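Asks: Need the 3D shape of this:
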Amino acid sequence: MPRQLRKAVIPAAGLGTRFLPATKAVPKEMMPLVDKPAIQYVVEEAAAAGITDVLIVTGRSKDAIEDHFDRSPELEEALLAVGKDAEAAQVKAIHDLVQIHYVRQGAPRGLGHAVGMARAHVGDEPFVVMLPDDLMHPNAGILTGMIEAHNRNQSAVLALKRVAGREISMYGVAAAKALSDTVVEVSDLVEKPSPEDAPSDLGVMGRYILTPGIFDAIERTETGRGGEIQLTDAIKALIGEETVLGYIIGSGRFDTGNKLDFLIASVTFALERDDLGPELLEFLRGIVSGR
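Replies: Down below sits the predicted model:
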């Protein structure tokens, strides 16, 4: 009988060096887009797709993440005492999104190692891996589409996006055969190839649906430079043992580990808000017109 996807793993143990000095004391995942930490958008995406159980892989100096998703009775009571009922409900709702668990990665040993730490929690179920630097717009329906592809085939599914030029060397790249307009069968993965050596223009983005077989593949994966275990290498090993699909995404993905994309995402979400959008749009129009 098909296993229902209900668990997600969010690796959040990285040092966030692309955003120094801000991330010297503040976890990168807690940097706000408008007024909401980036990782909350990811957890909300999981909840909207039907995920009910999230494991966050953290590290030292990441306590702020746990505090954010915990209850804050004192804050809730203070807000209620001054008639800020809506704000109190908003704060409480963060805790109620999904059931959240934590495990610490003692050292930065790569994405594959971080995912491998979820084995005891995930067990023999398929699960989702969501990289917090990859922010997906709620209207894009990316995770929902991936879950639909998984449910039809009961296989691993990788989010893929067409990448142009030298940017392709920033991603794992899939060799794949088209099965439909949005779904391909992956036959190989190459980690960060040069444009001339890339097997296609399909880069792997930060959403994965994986089967329990990935854990044995991770254990067999040798460490590379810096003692890190790459998830791409483990998935590549899995391809020889089971079907791995790719789900091609279009717009709606922001790399919030990139400063420009972080700003674009912030402006995009702000423009969509009734309380900020109209005035921000007018301000931006003024900048463009030179007023």
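Asks: Where do the helices of the stretch 101-250 of the chain begin and end?
Replies: 111-116, 119-122, 142-153, 213-220, 231-239 (DSSP state H, counting those that start in this stretch).
Asks: looking at those, which is closest to Asp134?
Replies: Nearest to Asp134 among these is helix 142-153; the distance by C-beta to C-beta comes to 9.4 Å. All C-beta atoms are positioned from the backbone trio N, CA, C, and that covers glycine.
Asks: So which residues make contact with the closest one?
Replies: Residues from elsewhere that reach helix 142-153 (C-beta atoms under 8 Å, 6 or more residues apart in numbering): 2, 5, 45-46, 48-50, 126, 128, 130, 136, 156-157, 159, 182-183, 207, 209, 243, 245, 247, 249, 252-253.
Asks: Now which of the residues you listed would you call buried?
Replies: 5, 45-46, 49, 126, 128, 130, 136, 156-157, 159, 182-183, 207, 209, 245, 247, 249, 253 (16 or more other C-beta atoms under 10 Å).
Asks: out of the residues you listed, which are inside strands?
Replies: 128, 130, 136, 156-157, 159, 183, 207, 209, 245, 247, 249, 253 (DSSP state E).
Asks: okay, now the nearest residue to Asp181 once chain neighbours are set aside: neighbour count?
Replies: Spatial nearest neighbour of Asp181, excluding adjacent residues (C-beta to C-beta, 6 or more residues apart in numbering): Ile248 at 7.8 Å. Neighbours of Ile248 under the rule other C-beta atoms under 10 Å: 20.
Asks: do Arg285 as well
Replies: Around Arg285 there are 10 residues (other C-beta under 10 Å).
Asks: what does Val91 give?
Replies: 18.
Asks: With Arg273 instead?
Replies: Neighbours of Arg273 using other C-beta under 10 Å come to 12.
Asks: Need phi/psi at the residue nearest to it when sequence neighbours are not counted.
Replies: Spatial nearest neighbour of Arg273, excluding adjacent residues (C-beta to C-beta, 6+ apart): Val34 at 7.2 Å. In terms of degrees, to the nearest 10, the main-chain angles of Val34 are phi 70, psi -100.
Asks: Check Gly110 and give its pLDDT.
Replies: Note on Gly110: pLDDT of 89.
Asks: list the contacts for it?
Replies: 223-224, 226-231.
Asks: Out of those residues, which one has the lowest pLDDT?
Replies: Ranking the contacts of Gly110 by pLDDT, Gly226 lands last with 69.
Asks: quick revisit: now, which of the ones in strands among the buried ones among the contacts of helix 142-153 sits nearest Ile10?
Replies: For those, the nearest to Ile10 is Met130 (5.2 Å; C-beta to C-beta).
Asks: you'd agree that closest one is up against Ile209?
Replies: No. With contacts counted by C-beta atoms under 8 Å, Met130 stays clear of Ile209, the gap being 10.1 Å.
Asks: Would you mind measuring from Lys28 to Ser61?
Replies: 11 Å (C-beta to C-beta, to the nearest Å).
Asks: Looking at these two, which one has more neighbours?
Replies: Each of Lys28 and Ser61 has its neighbours counted (other C-beta under 10 Å); Lys28 has more, 24 against 15.
Asks: which residue sits closest to the more buried one, ignoring its sequence neighbours?
Replies: Gly16 (2.9 Å).
Asks: For the residue nearest to Asp181, give its distance to Phe254.
Replies: On the measure of C-beta to C-beta, Ile248 and Phe254 end up 17 Å apart.
Asks: same check, this time on Tyr102
Replies: Relative to Phe254, and taking C-beta to C-beta, Tyr102 is found at 25 Å.
Asks: Those two: which is more packed in?
Replies: Neighbours per residue, other C-beta under 10 Å: of Tyr102 and Phe254, the larger number sits with Phe254, 24 against 17.
Asks: ok, and the closest non-adjacent residue to that one?
Replies: Counting by C-beta to C-beta, 6+ apart, Ala265 is the residue found nearest to Phe254 once chain neighbours are left out, at 3.9 Å.
Asks: Report the secondary structure element holding that neighbour.
Replies: Here Ala265, judged by DSSP states H and E, is contained in helix 259-271.
Asks: Averaged pLDDT, that helix. What do you get?
Replies: 96.
Asks: go on, stretch 24-39?
Replies: For stretch 24-39, the per-residue pLDDT averages 93.
Asks: just stretch 143-163 next, same as before
Replies: Mean predicted lDDT for stretch 143-163 stands at 95.
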